[in-house]
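Participant: I'd like to go over a predicted model; first the sequence, then the structure.
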Amino acid sequence: MSVRLLKRVLKEQELQQQQHHDESEEEEGESPYSGTRPAINPFDLLNDDDVDQLQENEPEIDDEMVVGNNHKQELSGMKSMAGAISTSNQKSKKKKKKKSKTGLSSVTNKVKEPFDDMLDTLSLDVNSSRHQPCPTKTKPETSKLCAEFVKQCAPSALQVDPKCLNPENELRRIFGSKVVKSFEKSNQASSSRQVIGGRRGAHHTRRTILVSPSEHWPRWDGSLSMEFLETKDGYHHFRYVHSSSSDQAQRTFEAAKAIHDLNGIASILLYHPYHLDSLVTMADYFKFVGENQMSADSIAKSLYALECAWHPTFSPLQANCQLKICHETNKPLFTTLFTHMKNLDRRGCHRSALEVCKLLLSLDLDDPMGAMFCVDYFALRAEEYAWLEWFSEDYKSDNSLWLFPNFSYSLAICRFYLEREEPSKDADTCATKSNSADLMKQALMLHPSVLKKLVAKVPLKDQAWTNIIKHVFFRSEKTGSASLDHLINIYVEKSYIIWRLPDLQKLLRVSALQVIEILEHSTSDAKDWACVRKEAFSSENNEYGHLLVSDFSDTVPTLPPENLQNFMVDPRMREPERNGGQIANPLDGGPAPRDVANRNALAVLFESMLPWVNYGGRGDGGNEENQVNEHE
């Protein structure tokens, strides 16, 4: 209902009240307006859409003209269309007042009833079940709905802070804004010279949250998109989709990869600057040759392309979206995020690396990249001790994370620092949580083989450590479980640097001596913890064999120049070679020995100039030469 029509109705009621005031209250005669204009309830007109439509089509009338006969006829016509206006106005003034009050109360009751019903459905109190004929049957359903509602409203420990994703903010906090600005100015000239393809300043790059795009980057070509799949268990599932324009680039990449042609892969980026496989391959190459900045730039471009393709409803920072790695098109996001996380760690931006690690965990609950086994390291380096305890209690609503080697030791370190930071709250937490000394002793009893590997990796050269690891309980480096041994190797390789702090070394040494003292009096504790360890890691196979220990190492792998042609081979295929084994089925296009029999000598000559071609060992060289000479 328009404001103008409401004013007319209200003014007309005022005139009606003035006329009745002049007459006697006892007079029962008809009002002069009773036959042509019945009483109007303005609240009925508020719910009428037809009156608004009529008001839009009618000509404008002055607000002051409200008494004429034409106006009365117009109002009576609108009353008949609405059907909600009262038709009886032949009562006294007292009755009219009473009627208006009852009308208002009925309207308010109508408004309150659905509002009360809404409050009842959203009420978190199970006992407040109003208007329910069978409360015993609806209580379980109400409690279930309330539990789901609370679970959805509760914040998740994996929610990502977008401000902390930018490493520049962390660098400014650590070194100061002046130092960061001077560093950016020194690198601005060199970075502007590295423009390959595209014109500088020809467009504005899109603003993203994962990385900060450079001005000289090419425009996003739209070769990738994302589609929504389904909503299941409160999570929204998505999948990346490649466009038809990227098919030709992918075929060219596969052909260049088959012959290890780096120049061919680099030429793809001239025409398709955001081809993901080419960017990741060149990032690996730059990493092997020591160009870490160029490698990080290629990974940043990949993340920029992946974020530009996000679906409008894809909000991964809220930890309610899933990108399952079982879809082949989703794999590049996980590999680039994991590499980006390691690059941030090398730069010292541990807070930003923690946010990226949380994002990796939230995108796929199966944790295909093993982010679970480094999130504690980043939390300790970023001094997010309270968050780590919250995460260990909140993640998957399961308190069994402390059984993993990394969490058993990291939670003890976390409690150690919290006790130092909050001594006033320590008395309250002691009643509900164990102290750092007890947690460290539990970690040593549960995973004693960690101690000997830490002493060798850190290293710890005091005589006290030599006497400790000679004890029969800490002497063995194997646990009997392939999965547990693999996780221990990952933890020692990733977190050994934390144990170089003197305070933590003292905590570890005192706890180890106390464990030895306990075992001298009773050996039943060791057997009990061995049973817990065996039950937690009961599988005989290595369940985490897909996670390479080298992926969690801080050292950058390098290859000699003559072996750079092999860098595109999956490192998981090279792992058996390091262990003294052999590969049963090498990858296609690998450095397998080639046969030169019955081949063109000129073709063999040019082929031998390629560094990735292998014609076998020296022992077969004479036979190959004889075969070539015979062919000539």
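Facilitator: Okay, I see it. Numbers count the residues shown, from 1 in each chain.
Participant: SS state for Pro312?
Facilitator: coil (DSSP: H, G, I helix; E, B strand; the rest coil).
Participant: count of neighbours near it?
Facilitator: 7 (other C-beta atoms under 10 Å). Where you see a C-beta, it was placed from the backbone N, CA and C, and this is true even at glycine.
Participant: cool, the one 3 residues further on as well?
Facilitator: Look at Ser315: counted by other C-beta under 10 Å, it has 12 neighbours.
Participant: now it: how far from Ser362?
Facilitator: The gap separating Ser315 from Ser362 is 11 Å, by C-beta to C-beta, to the nearest Å.
Participant: and for those two, which residues touch both?
Facilitator: Common neighbours of Ser315 and Ser362 (criterion: C-beta atoms under 8 Å, 6 or more residues apart in numbering): Cys321.
Participant: Leu6: which element?
Facilitator: helix 3-22 (DSSP states H and E).
Participant: if you count neighbours, what's buried in that helix?
Facilitator: Across helix 3-22, burial judged by 16 or more other C-beta atoms under 10 Å covers Leu5, Arg8, Val9, Glu12, Gln13, Gln16.
Participant: quick check: domain ranges of this structure?
Facilitator: 159-184+205-369, 401-421+432-545 (the TED database).
Participant: and these: which comes nearest Tyr395?
Facilitator: For Tyr395, the closest of the domains of the chain is domain 401-421+432-545, at 6.5 Å, according to C-beta to C-beta.
Participant: measure the closest one end to end?
Facilitator: The straight-line separation of the ends of domain 401-421+432-545 (C-alpha to C-alpha, to the nearest Å) is 19 Å.
Participant: for the record, mean pLDDT for that domain?
Facilitator: Average pLDDT, domain 401-421+432-545: 93.
Participant: what of stretch 297-313?
Facilitator: Stretch 297-313 comes out at a mean pLDDT of 95.
Participant: so which of the domains of the chain is nearest Tyr377?
Facilitator: Judging the domains of the chain by C-beta to C-beta, what sits closest to Tyr377 is domain 401-421+432-545, at 4.9 Å.
Participant: please enumerate the strands of the stretch 251-400 of the chain.
Facilitator: Per DSSP state E, counting those that start in this stretch, the stretch 251-400 of the chain carries strands over the ranges 321-322.
Participant: could the buried residues of helix 3-22 be laid out in CSV, adding distance to Glu422?
Facilitator: Listed next are the buried residues of helix 3-22 as CSV, based on distance: C-beta to C-beta, whole Å:
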residue, distance to Glu422
Leu5, 65
Arg8, 68
Val9, 66
Glu12, 70
Gln13, 67
Gln16, 72
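Participant: would you mind giving the residues you listed as JSON lines with pLDDT and distance to Pro167 added?
Facilitator: JSON lines is the format used below for those (pLDDT from 0 to 100; distance: C-beta to C-beta, whole Å):
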{"residue": "Leu5", "pLDDT": "75", "distance to Pro167": "61"}
{"residue": "Arg8", "pLDDT": "81", "distance to Pro167": "65"}
{"residue": "Val9", "pLDDT": "79", "distance to Pro167": "64"}
{"residue": "Glu12", "pLDDT": "82", "distance to Pro167": "69"}
{"residue": "Gln13", "pLDDT": "80", "distance to Pro167": "68"}
{"residue": "Gln16", "pLDDT": "77", "distance to Pro167": "73"}
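Participant: just those now: which is nearest Leu224?
Facilitator: When those are ranked by distance to Leu224 (C-beta to C-beta), Leu5 comes first, at 54.4 Å.
Participant: give me the number of residues near Asp367?
Facilitator: Neighbour count of Asp367, defined by other C-beta under 10 Å: 16.
Participant: same question for Cys374.
Facilitator: 25.
Participant: hang on, it packs against Phe552?
Facilitator: Yes: at 6.1 Å, Cys374 counts as touching Phe552 under the criterion of C-beta atoms under 8 Å.
Participant: now the common contact residues for the two.
Facilitator: Taking C-beta under 8 Å, 6+ apart as the criterion, Cys374 and Phe552 both touch Lys494.
Participant: returning to that earlier point: could you dump the domains of the chain into CSV and include distance to Glu384?
Facilitator: Formatted as CSV, those follow (distance: least, C-beta to C-beta, whole Å):
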stretch, distance to Glu384
domain 159-184+205-369, 6
domain 401-421+432-545, 9
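Participant: nearest to Val556, out of those?
Facilitator: Of all these, domain 159-184+205-369 comes closest under C-beta to C-beta, at 6.3 Å.
Participant: what's the span of that closest one from first residue to last?
Facilitator: Note: domain 159-184+205-369 ends 18 Å apart using C-alpha to C-alpha.
Participant: can you tell me what sits against stretch 294-307?
Facilitator: With C-beta under 8 Å, 6+ apart, stretch 294-307 has contacts from 205-206, 208-211, 213-214, 217, 220, 223-224, 240, 273-274, 276, 279-280, 282-287, 332-333, 336-337, 339-340, 343.
Participant: rerun that using 7 Å as the cut-off
Facilitator: 208, 210-211, 213, 217, 220, 224, 274, 276, 279-280, 282-283, 286-287, 332-333, 336, 339-340, 343 (C-beta atoms under 7 Å, 6 or more residues apart in numbering).
Participant: those in helices, which ones?
Facilitator: 276, 279-280, 282-283, 286-287, 332-333, 336, 339-340, 343 (DSSP state H).
Participant: the helices in the stretch 301-450 of the chain, which residues?
Facilitator: Taking DSSP state H, counting those that start in this stretch as the criterion, the stretch 301-450 of the chain carries its helices at 331-347, 350-363, 375-381, 385-394, 405-421, 426-430, 436-446, 449-457.
Participant: of all those, which one is nearest Leu484?
Facilitator: So among the helices of the stretch 301-450 of the chain, helix 405-421 is nearest, using C-beta to C-beta, at 7.3 Å.
Participant: so for that closest one, what gets flagged as buried?
Facilitator: So helix 405-421, judged by 16+ other C-beta under 10 Å, has buried residues 405-419.
Participant: max pairwise distance over those residues: which two?
Facilitator: Pro405 and Glu419 (22.2 Å).
Participant: mind listing what the nearest residue to Phe338 once chain neighbours are set aside touches?
Facilitator: Residue nearest to Phe338 in three dimensions, not counting chain neighbours: Met369, with 4.8 Å by C-beta to C-beta, 6 or more residues apart in numbering. Listed by C-beta under 7 Å, 6+ apart, the contact partners of Met369 are Phe334, Phe338, Leu360.
Participant: many thanks, I have nothing further to ask.
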